[in-house]
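Novice: Here is my input; please provide its structure:
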Amino acid sequence: MASIGHVIFGLAAARFVDPAAPLRQRLYTAIGLATLSLAPDLDVIAFRFGIPYEAPFGHRGASHSLVFAVLFGAAIGALWRREMRRPKLVIPVCAVLVATHGLLDMLTDGGEGVALAWPFSNARMFFPWQPLPVAPIGRALLGARGLYVFAVEMLWFAPLVAYGLWPPRRVPITPASAP
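Specialist: Below is the predicted model of the structure:
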(Lines give C-alpha, C1' and ligand atoms only; values in the text may rest on other atoms or scores of the structure.)
Protein backbone atom coordinates (compact mmCIF):
# COMPACT_ATOMS: atom_id res chain seq x y z
CA MET A 1 0.00 0.00 0.00
CA ALA A 2 1.18 3.49 -0.68
CA SER A 3 1.92 5.53 2.38
CA ILE A 4 -1.16 7.72 2.02
CA GLY A 5 -3.59 5.11 3.36
CA HIS A 6 -1.49 4.60 6.47
CA VAL A 7 -1.10 8.36 6.90
CA ILE A 8 -4.86 8.83 6.67
CA PHE A 9 -5.39 6.32 9.46
CA GLY A 10 -2.93 8.34 11.57
CA LEU A 11 -4.92 11.50 10.83
CA ALA A 12 -8.19 9.87 11.89
CA ALA A 13 -6.57 8.43 15.03
CA ALA A 14 -5.41 11.92 16.04
CA ARG A 15 -8.99 13.15 16.01
CA PHE A 16 -10.13 10.08 17.95
CA VAL A 17 -7.48 10.58 20.65
CA ASP A 18 -8.14 14.31 21.07
CA PRO A 19 -11.37 15.41 19.34
CA ALA A 20 -11.50 18.80 21.05
CA ALA A 21 -7.98 19.84 20.07
CA PRO A 22 -7.63 22.72 17.63
CA LEU A 23 -6.89 21.56 14.09
CA ARG A 24 -3.28 22.78 14.19
CA GLN A 25 -2.52 20.83 17.38
CA ARG A 26 -4.33 17.80 16.01
CA LEU A 27 -2.19 17.93 12.87
CA TYR A 28 0.95 17.71 15.01
CA THR A 29 -0.52 14.66 16.74
CA ALA A 30 -1.48 13.28 13.34
CA ILE A 31 2.10 13.56 12.12
CA GLY A 32 3.26 11.48 15.07
CA LEU A 33 0.51 8.91 14.66
CA ALA A 34 0.98 8.74 10.88
CA THR A 35 4.67 8.08 11.43
CA LEU A 36 3.72 5.33 13.86
CA SER A 37 1.34 3.79 11.34
CA LEU A 38 4.11 3.81 8.72
CA ALA A 39 6.71 2.24 11.04
CA PRO A 40 6.17 -1.39 9.95
CA ASP A 41 7.39 -0.45 6.45
CA LEU A 42 10.84 0.28 7.84
CA ASP A 43 11.37 -3.41 7.15
CA VAL A 44 12.22 -2.49 3.55
CA ILE A 45 15.73 -1.93 4.87
CA ALA A 46 15.98 -5.74 4.88
CA PHE A 47 16.49 -5.59 1.11
CA ARG A 48 19.77 -3.71 1.70
CA PHE A 49 20.99 -6.57 3.88
CA GLY A 50 20.06 -9.26 1.37
CA ILE A 51 17.10 -10.53 3.39
CA PRO A 52 14.55 -11.88 0.91
CA TYR A 53 11.02 -10.50 0.78
CA GLU A 54 9.48 -13.80 1.90
CA ALA A 55 11.80 -14.28 4.93
CA PRO A 56 10.30 -13.84 8.42
CA PHE A 57 12.12 -10.50 8.77
CA GLY A 58 11.69 -9.51 5.13
CA HIS A 59 9.21 -6.95 3.83
CA ARG A 60 5.69 -7.47 5.21
CA GLY A 61 7.09 -10.03 7.64
CA ALA A 62 7.39 -9.81 11.43
CA SER A 63 7.00 -6.03 11.55
CA HIS A 64 3.54 -6.38 10.00
CA SER A 65 2.32 -8.94 12.57
CA LEU A 66 -0.24 -8.42 15.30
CA VAL A 67 2.34 -9.36 17.96
CA PHE A 68 4.66 -6.60 16.71
CA ALA A 69 1.73 -4.16 16.61
CA VAL A 70 0.78 -4.79 20.22
CA LEU A 71 4.36 -4.63 21.54
CA PHE A 72 5.60 -1.70 19.47
CA GLY A 73 2.36 0.28 19.69
CA ALA A 74 2.15 -0.20 23.45
CA ALA A 75 5.79 0.84 23.94
CA ILE A 76 5.40 4.02 21.89
CA GLY A 77 2.02 4.76 23.47
CA ALA A 78 3.49 4.40 26.96
CA LEU A 79 6.17 6.95 26.11
CA TRP A 80 3.68 9.35 24.57
CA ARG A 81 0.62 9.14 26.81
CA ARG A 82 1.67 11.82 29.29
CA GLU A 83 1.40 14.41 26.55
CA MET A 84 -2.18 13.51 25.59
CA ARG A 85 -5.43 14.78 27.03
CA ARG A 86 -6.95 11.30 27.04
CA PRO A 87 -3.97 9.19 28.25
CA LYS A 88 -5.97 5.99 28.79
CA LEU A 89 -6.69 5.83 25.06
CA VAL A 90 -3.14 6.36 23.81
CA ILE A 91 -1.66 2.89 24.34
CA PRO A 92 -4.59 0.97 22.79
CA VAL A 93 -4.89 3.47 19.92
CA CYS A 94 -1.17 3.21 19.15
CA ALA A 95 -1.31 -0.61 19.18
CA VAL A 96 -4.41 -0.69 16.97
CA LEU A 97 -2.91 1.88 14.63
CA VAL A 98 0.24 -0.21 14.09
CA ALA A 99 -1.99 -3.27 13.55
CA THR A 100 -3.93 -1.46 10.83
CA HIS A 101 -0.75 -1.37 8.76
CA GLY A 102 -0.63 -5.12 8.20
CA LEU A 103 -4.40 -5.34 7.83
CA LEU A 104 -4.44 -2.61 5.16
CA ASP A 105 -1.58 -4.31 3.32
CA MET A 106 -3.68 -7.48 3.25
CA LEU A 107 -6.23 -5.55 1.17
CA THR A 108 -3.72 -4.92 -1.63
CA ASP A 109 -3.53 -6.91 -4.82
CA GLY A 110 0.20 -7.66 -4.94
CA GLY A 111 3.30 -8.72 -3.12
CA GLU A 112 3.89 -11.88 -1.14
CA GLY A 113 1.25 -11.32 1.53
CA VAL A 114 1.53 -10.33 5.18
CA ALA A 115 2.93 -12.45 8.05
CA LEU A 116 0.09 -11.36 10.32
CA ALA A 117 0.40 -14.36 12.67
CA TRP A 118 4.17 -14.18 13.16
CA PRO A 119 5.82 -15.62 15.38
CA PHE A 120 3.24 -18.40 15.47
CA SER A 121 3.28 -18.78 11.69
CA ASN A 122 5.42 -17.42 8.88
CA ALA A 123 2.55 -17.88 6.40
CA ARG A 124 1.87 -14.82 4.27
CA MET A 125 -1.78 -13.87 3.99
CA PHE A 126 -4.13 -11.65 2.04
CA PHE A 127 -7.81 -10.99 2.59
CA PRO A 128 -10.05 -12.75 0.05
CA TRP A 129 -11.10 -9.29 -1.19
CA GLN A 130 -8.24 -7.06 -2.35
CA PRO A 131 -9.63 -3.75 -3.61
CA LEU A 132 -6.44 -1.68 -3.22
CA PRO A 133 -3.69 -1.69 -5.84
CA VAL A 134 -0.26 -2.47 -4.44
CA ALA A 135 2.09 0.49 -4.44
CA PRO A 136 5.51 0.41 -6.04
CA ILE A 137 8.46 0.41 -3.65
CA GLY A 138 11.02 3.20 -3.63
CA ARG A 139 11.24 6.04 -6.13
CA ALA A 140 8.73 4.35 -8.40
CA LEU A 141 6.10 5.52 -5.91
CA LEU A 142 6.50 8.99 -7.45
CA GLY A 143 5.67 7.77 -10.96
CA ALA A 144 2.40 7.16 -12.79
CA ARG A 145 1.66 3.92 -10.91
CA GLY A 146 2.24 5.66 -7.57
CA LEU A 147 -0.12 8.49 -8.51
CA TYR A 148 -2.76 5.97 -9.53
CA VAL A 149 -2.45 4.16 -6.18
CA PHE A 150 -2.61 7.52 -4.37
CA ALA A 151 -5.84 8.43 -6.18
CA VAL A 152 -7.47 5.07 -5.45
CA GLU A 153 -6.56 5.28 -1.76
CA MET A 154 -7.82 8.86 -1.49
CA LEU A 155 -11.13 7.69 -2.91
CA TRP A 156 -11.39 4.71 -0.56
CA PHE A 157 -10.35 6.62 2.55
CA ALA A 158 -12.05 9.98 1.88
CA PRO A 159 -14.44 9.51 4.84
CA LEU A 160 -11.46 9.12 7.20
CA VAL A 161 -9.86 12.26 5.75
CA ALA A 162 -13.09 14.18 6.40
CA TYR A 163 -13.31 12.78 9.94
CA GLY A 164 -9.68 13.64 10.68
CA LEU A 165 -9.90 17.19 9.33
CA TRP A 166 -13.37 18.02 10.67
CA PRO A 167 -13.31 21.06 12.97
CA PRO A 168 -13.00 20.27 16.68
CA ARG A 169 -16.01 19.96 18.90
CA ARG A 170 -16.77 23.12 20.77
CA VAL A 171 -16.86 22.68 24.50
CA PRO A 172 -19.63 24.83 25.99
CA ILE A 173 -18.55 27.28 28.64
CA THR A 174 -20.48 26.68 31.83
CA PRO A 175 -20.64 29.15 34.71
CA ALA A 176 -18.33 26.91 36.75
CA SER A 177 -15.68 26.88 34.02
CA ALA A 178 -15.95 30.57 33.09
CA PRO A 179 -13.02 32.78 34.14
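
Novice: make it CA atoms for all contacts and neighbour counts henceforth
Specialist: OK.

Novice: and Ala78, how far is that from Tyr148?
Specialist: 37 Å (CA to CA, to the nearest Å).

Novice: How about the contacts made by Arg145?
Specialist: 135-136 (CA atoms under 8 Å, 6 or more residues apart in numbering).

Novice: Could you say which helix or strand holds it?
Specialist: helix 144-156 (DSSP states H and E).

Novice: In three-state terms, label the residue nearest the centre of the chain for me.
Specialist: By CA atoms, centre = their mean, the mean C-alpha position of the chain lies nearest to Ser37, the distance being 2.8 Å. The assignment at Ser37 comes out as helix when based on DSSP: H, G, I helix; E, B strand; the rest coil.

Novice: In space, what's closest to it - neighbours in sequence excluded?
Specialist: Val98 (5.0 Å; CA to CA, 6 or more residues apart in numbering).

Novice: Also Ala78?
Specialist: Ile91 (6.0 Å).

Novice: mind listing what that neighbour touches?
Specialist: 73-78, 81.

Novice: And these, which of them are buried?
Specialist: When the contacts of Ile91 are checked for burial by 16 or more other CA atoms under 10 Å, the buried set is 73-74, 77-78, 81.

Novice: Serialize these to JSON lines and add fields for distance to Asp109.
Specialist: Supplementary listing: these in JSON lines, determined by distance: CA to CA, whole Å:
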{"residue": "Gly73", "distance to Asp109": "26"}
{"residue": "Ala74", "distance to Asp109": "30"}
{"residue": "Gly77", "distance to Asp109": "31"}
{"residue": "Ala78", "distance to Asp109": "34"}
{"residue": "Arg81", "distance to Asp109": "36"}
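
Novice: Could you list which of those residues belong to helices?
Specialist: 73-74, 77-78 (DSSP state H).

Novice: got those as TSV, with pLDDT columns?
Specialist: Shown next, in TSV, are those (pLDDT from 0 to 100):
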residue	pLDDT
Gly73	94
Ala74	93
Gly77	89
Ala78	89
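
Novice: any low-confidence regions in this protein?
Specialist: Low-confidence segments of the chain (pLDDT under 70): 1-2, 84-85, 169-179.
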